[in-house]
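> just a sequence and a predicted model for now, questions to come.
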Amino acid sequence: MLLWWLIGVPLLVGVVLALTGRRVDPLAAALGVGVSVVVLVLAVAAVLIRPVTDTTLFAGVRAGFAVDGLSAVLVVTVAVVLVAVLVFAAGEPDLRTGRFAGLMLVFAAAMLATVTATGLAPLLMAWEVMGAASWALIGYHYRDPAAVRGAHTAFLTTRTADLGLYLAAGAALAGGVGSLRLDTLPTATAGWRELLVAGVVVAALGKSAQLPFSFWLSGAMRGPSPVSALLHSATMVAAGAYLLLRLNPLLGSVGWAGPLVAWIGAATALGMGLAAVAQRDLKQLLAASTCAQIGYMILAAGVGGTGAGVLQLVAHAATKSLLFLAAGAWLTALGTKQLGGLAGSARRFPLLGAVFTVGALSLAGIPPLSLWVAKDTVLAATLAAPAPSAVALYVVGLAGAAVAAVYSVMALWFVWRPAPPAPQPQALDELEQEPTGEVPALTGPPLVVLAVGAAGLGVLPLLGHGLLRPEPAPQWWELVVSAAVAVSTAAWGWRAAIRLPEPGLLHRWWDLERAARLLVVRPVRRLAEELARFDDRVLDRGVDATARATVGVARLLDRRGETAVDGIVRGVADGARALGRWARRPQTGQLHQYYAQASVGFVVLAVLTVVVIVVS
Amino acid sequence: MLSLIVFLPAAVAVVLAPLPARLPGHVFVGAWIAAALADLALIVTAWVRLPAAGVGPGGFAFEVRLPWIPSVGISYHLGVDGLSLPLLAMTAVLFLACGVFALRETRRVKPFVLFFLALQTVSLGLFAALDLILFFLFFDLSIVFMYFVIAGWGHAERARSAALKFFLYTFLGSLALLLGFILLFLAATPHTFDIVELAAANPLAAGGPYAALTLLAIGVGLAVKTPTVPFHTWLPPAHTEAPATGSAILAGVLLKMGTYGFVRIAMPLLPTSWRQYALVVLVVGAVSVVYGALVALAQANLKRMVAYTSINHMGYVLVGIGAAGLVAAGDAQARTLATTGALVQMVSHGLITGALFLLAGVLYDRGRTYELDSYSGLAARTPRFAALFAVAAFASLGLPGFSGFIAEFQIFTGSLPAAPIPVAIAVTGILVTAALFLVALQRLFLGPLRLPDAPGTPRAFTDLRAAELVAIAPLLALATLIGLAPRFLLELVEPAAAAVNTLVAR
């Protein structure tokens, strides 16, 4: 029951708010925050009670939800970030609408359902609703064509990957797992299990914006900053990592899956980190960094380090939502998110500057902040993995950490740089939106809470148990090595910040979106147009031509066949008429002619009689 | 009871017929709405009482059987089971919605209402018919009445040629169907047209060319009506030229006659041949899915686009029932899922596409054109219309939480074990439909405001009116109900689907 409340309350309130229209706008922000607090209370209760519910969905297919160790962590993370983000958004005038609050709640409900689902079918349902809600949230400013395009790209890219889950469900059924329960998936028969795993992996990589799907996260940055703080740091993009962590036994049951996933995670951690260095738009930088940081979770899932992945997920959720919210606050106040335009912003708004610094240093992996611990736990799990390429993965992961230090500190440098000496009001066309010049008071508390999390969540392994105390813990030397790497590259990054190159390829996120458009979108559109033409010109005309041909044949028959048949009929009639005319001729009405005719007749008759007699 | 359900609209039509056409239109439409409401209430009663009727799997409730032409084994035979009752309910709901929507109809209201009442009777009759000739009669009459609706209340001169094309094409299909029925009749001893008796006797159990020919005739006849690629080209012009209510009924109810025919006649009466050619059915379905979606993506006209998505959605039905025939490859659960999904898809498509066509009618009413390029940024001007259209679009693209997902997920999951490659190709259909609905939403509603300023545009571009809202919103609400709590429907459909599969597998 508790679980239905946990999912149902935000879902129902969200749908009502989103559909009610502008009448609820004055109440929307307060309602949104209120409901999110209720969700948080329910989430904590769910963690304590550990409810389980299960019901039939389709013939033999179960729909169940439960809170276990892994879900518990995620449920609380989602609820906390939701509260923080909605409180923050309540301070932004253009987000105080029923549509915004409602969609955020619907999204949260979908995420909560995703992380508590115990079967593939309910998981897929929640997973797709989450994608649709993200479409509506990214495109919140629907008059902005770039936002709409970003929303389309995000939804279509993630849905492309989601097809994997549809196939996985079919493969599971074919493999003998009729209930589609997640915990029984590894028992699927061998051949189908490979398809099952492949589908799940593709779906997870798509949702988590891993290579080669990363590009959708770039376009998604056109959405409001609180949306990015919830969707593109703590929840939606984390869902893919969650799925792989949840299905770790399944990955382990197919030989190639673990190493493949691990390598994609590591490659994303490094590759998208490099892309982040080339960004000069703060939100783009944070987005690329999100791909990279989630790469570590994927890496953890690939090497079987579930606990490490969860730790990274939680630490990153706090850190990155903090950073996105800070970037959003600056965007509102100063009208820009370009690093160049943010000079002096940290000094002008000291609280923002302080919390941003905490977040950025955590992201850089500077000890003793949370991501330093989390990342090292992932790397420790990598080293402990039996895979032959463990050391190579470790090295790539460490390189990714160094890159993270560089871009984080580069962003810090830009925001702490003194403002230009003669502050000229920037021309409006250089800005992205009208600056308000102030940061609402409401934004303070959520930022501070998240900053405390970003700084301190690294102690979880010391306090926690079970999942939150991952084994193996990093060795002391690993922590020292990564700290040394982070500090030294950060120091270098601070000095080199203004000179760091921004190669075009990296700036454009490795041209992944262009590749997708060139290789997928354009051919499909071409094919669609060709088929439409074929439909009109060949199929439809073919039918029309058949109909016309039928009419033509009819006409032909009418002209040729009919006259011929009619001609015969007419000929018979004409003949009959001619015969009639002849028959009429003897009837003259004059007796002497009748006598003559009669005598001729008798003669003929007599001759005939004679002939007959003679012959017989 | 069933006879009352079927002939209630016709009876109302008979009562209305002598009234003078000068009476205000509300009299006629009001009578129609009342009849549809009463019909719906009766069907709901039947639904509720069905468990009490104590009908086992494969049996029929509320059966009526009267001799009609006994010399050739034709009887007036009606009955419902889990296959037909949901479709009856969907039909009644859709006609009710169309009635409410038609409150604003001003052109020759009396004949308009009479034709729709007649259509309602033949539609309900078809889904309740248990005799091939009765089925055929309703099948043909639906074509006749729909022809008059399109030709008489369509948009322009072109409506008449579209209606003619619709009539001739589907009529030709129905002739193929009749041929198939006669072949079945001749094969059975004793000769009969009764569906229940033919299903029990299974006269063509041996298969062979005669049975294959019979299936071909019936299959082509139903495929034209469904329609599947390549027999679909009558559909886009008919939809484009038909009035909104006509399109809603055409797509929502008439197309289901084809797919329902497969489940009610082709599968149980020709099980051997169905199993033999199931893969063909499945592949035709997969081709329809992908082809319909891609061609829809390329359309610039909203109604043509929705029409092509109907081809796509009906393709899923064929995939599901095709997979159900691949007995060797799939276990019972998978086949039940596939058939159940196909049936749910029929109901779901009726509700969602009905709503979409009515919404398209609203758009035409305001702007006098379906061209997507003529509009932009409507979300600001007509928020309710935009919200409802967005909900319908997401429902149509198979988003979970709506009935389309319940159908498609079951079809995909149930069919994949039997034929992985065609089904994997068909799955991409949901991606293309997602793309095309997003594009349509973007063109119509987002961006800067732009309205068509052609000379035909009559009045200010207003948001949904109350009657339109009352007509459309319940359809989407039902689609959501099925999407979130499908058990009430599945409890009814699953046993029936399993029974059909048992008949196919024998």
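Thanks, I have it.

> drop to CA atoms for contacts and neighbour counts, all remaining ones
Will do.

> up against chain B, what does chain A have?
A:19, A:21, A:57-60, A:125-126, A:128-129, A:132, A:142-145, A:148, A:152, A:156, A:159-160, A:163, A:166-167, A:169-171, A:173-174, A:178, A:524-525, A:527-529, A:531-532, A:535, A:539-540, A:543 (Cα under 8 Å from any Cα of the partner chain).

> secondary structure element for the residue in chain A that chain B sits nearest to?
Of all residues in chain A, the one sitting closest to chain B is residue A:170 (3.9 Å; Cα to the nearest Cα). Residue A:170 belongs to helix A:145-174 when elements are defined using DSSP states H and E.

> which neighbouring elements make contact with that helix?
Counting by 3 or more Cα pairs under 8 Å, 6 or more residues apart in numbering or on different chains; DSSP states H and E, the packing neighbours recorded for helix A:145-174 are helix A:120-138, helix A:190-207, helix A:215-220, helix B:403-415, helix B:420-445.

> quick one: mean pLDDT for it?
For helix A:145-174, mean pLDDT rounds to 94.

> now stretch A:45-53: buried residues?
A:45-47, A:50-52 (16 or more other Cα atoms under 10 Å in any protein chain shown).

> what's the burial count for residue B:440?
Residues near residue B:440, counting by other Cα atoms under 10 Å in any protein chain shown, number 22.

> how far away is residue B:419 from chain A?
The gap separating residue B:419 from chain A is 10 Å, by Cα to the nearest Cα, to the nearest Å.

> just give the number of residues close to that residue.
19.

> surely it and residue B:323 touch.
Yes - assessed by Cα atoms under 8 Å, residue B:419 is found in contact with residue B:323 at 7.2 Å.

> before we move on, the earlier item: could you pick out the buried ones from the residues of chain A next to chain B?
A:19, A:57-59, A:125-126, A:128-129, A:132, A:142-143, A:145, A:148, A:152, A:156, A:159-160, A:163, A:166-167, A:169-171, A:173-174, A:178, A:524-525, A:527-529, A:531-532, A:535, A:539-540, A:543.

> pull the contacting residues for the residue of the stretch 351-500 of chain B found nearest chain A.
Closest contact between the stretch 351-500 of chain B and chain A, by Cα to the nearest Cα, is at residue B:413 (3.9 Å). By Cα atoms under 8 Å, 6 or more residues apart in numbering or on different chains, residue B:413 lies in contact with A:166-167, A:169-171, A:173, B:334, B:337-338.

> and these, which is closest to residue B:178?
residue B:338 (28.0 Å; Cα to Cα).

> what angle do helix A:145-174 and the lengthiest helix in chain B make with each other?
Counting residues, the longest helix found in chain B (DSSP state H) is helix B:332-367. Orientation check (axes from the mean of the first three to the mean of the last three Cα atoms, to 10 degrees): helix B:332-367 against helix A:145-174 gives 160 degrees.

> distance-wise, check the residue of chain A closest to chain B relative to residue B:107.
51 Å (Cα to Cα, to the nearest Å).

> just the strands in chain A please.
A:52-58, A:61-66 (DSSP state E).

> stretch B:371-384: how far from the chain's middle?
28 Å (Cα atoms, centre = their mean, to the nearest Å).

> then stretch A:386-395?
With Cα atoms, centre = their mean, you get 31 Å for stretch A:386-395.

> and if you look at stretch A:503-519?
That offset, for stretch A:503-519, works out to 18 Å (Cα atoms, centre = their mean).

> ok, stretch A:262-271 next?
20 Å.

> avg pLDDT for it?
Rounded mean pLDDT across stretch A:262-271 is 96.

> again, but for stretch A:119-131
Here the average pLDDT along stretch A:119-131 is 94.

> roughly how far out does it sit from the chain middle?
On Cα atoms, centre = their mean, the centre of stretch A:119-131 falls 12 Å from that of its chain.

> check stretch A:71-78 too.
Relative to the chain's own centre, stretch A:71-78 is displaced by 21 Å; criterion: Cα atoms, centre = their mean.

> which residues touch it?
So stretch A:71-78 is contacted by A:40, A:43-44, A:46-47, A:108, A:111-112, A:115-116, A:234-235, A:310, A:314, A:317 (Cα under 8 Å, 6+ apart).

> just the CA atoms of that stretch, as PDB, please.
Coordinates of each C-alpha in stretch A:71-78 appear next as PDB, following Å, rounded to 0.1, in the frame of the first residue of the first chain:
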ATOM      1  CA  SER A  71      16.000   0.800  -4.200                       C
ATOM      2  CA  ALA A  72      16.100   2.300  -0.700                       C
ATOM      3  CA  VAL A  73      19.200   4.400  -1.500                       C
ATOM      4  CA  LEU A  74      17.700   5.600  -4.800                       C
ATOM      5  CA  VAL A  75      14.300   6.300  -3.400                       C
ATOM      6  CA  VAL A  76      15.700   8.600  -0.800                       C
ATOM      7  CA  THR A  77      18.100  10.200  -3.200                       C
ATOM      8  CA  VAL A  78      15.400  11.000  -5.600                       C
END
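
> give the rounded mean pLDDT of that stretch.
94.

> ditto for stretch A:93-100
90.

> so for it, what gets flagged as buried?
A:95-100.

> any idea how far apart the tips of it sit?
Span of stretch A:93-100 from end to end, Cα to Cα: 11 Å.

> burial check on residue 315, number of neighbours?
Since no chain was named, I'll use chain A. 30.

> look at chain B instead
32.

> isn't it right up against residue B:283?
No - the criterion here is Cα under 8 Å, and residue B:315 misses it with residue B:283 at 9.3 Å.

> quick one: low-confidence parts of chain B?
Where chain B drops to pLDDT under 70, the residues are B:328-330, B:454-459.

> measure residue A:473 to residue A:376 for me?
Residue A:473 is 8 Å from residue A:376, by Cα to Cα.

> gap between stretch A:84-100 and the chain center?
23 Å.

> show me what from the stretch 151-300 of chain B comes close to chain A.
Near chain A, when you scan the stretch 151-300 of chain B using Cα under 8 Å from any Cα, you find B:230, B:233-234, B:291, B:294-299.

> one step back: for the residue of chain A closest to chain B, which non-adjacent residue is spatially closest?
For residue A:170, ignoring the flanking residues on the chain, the nearest one in space by Cα to Cα, 6 or more residues apart in numbering or on different chains is residue B:413 at 3.9 Å.

> what of residue A:140?
Per Cα to Cα, 6+ apart, closest to residue A:140 is residue A:223, 6.5 Å.
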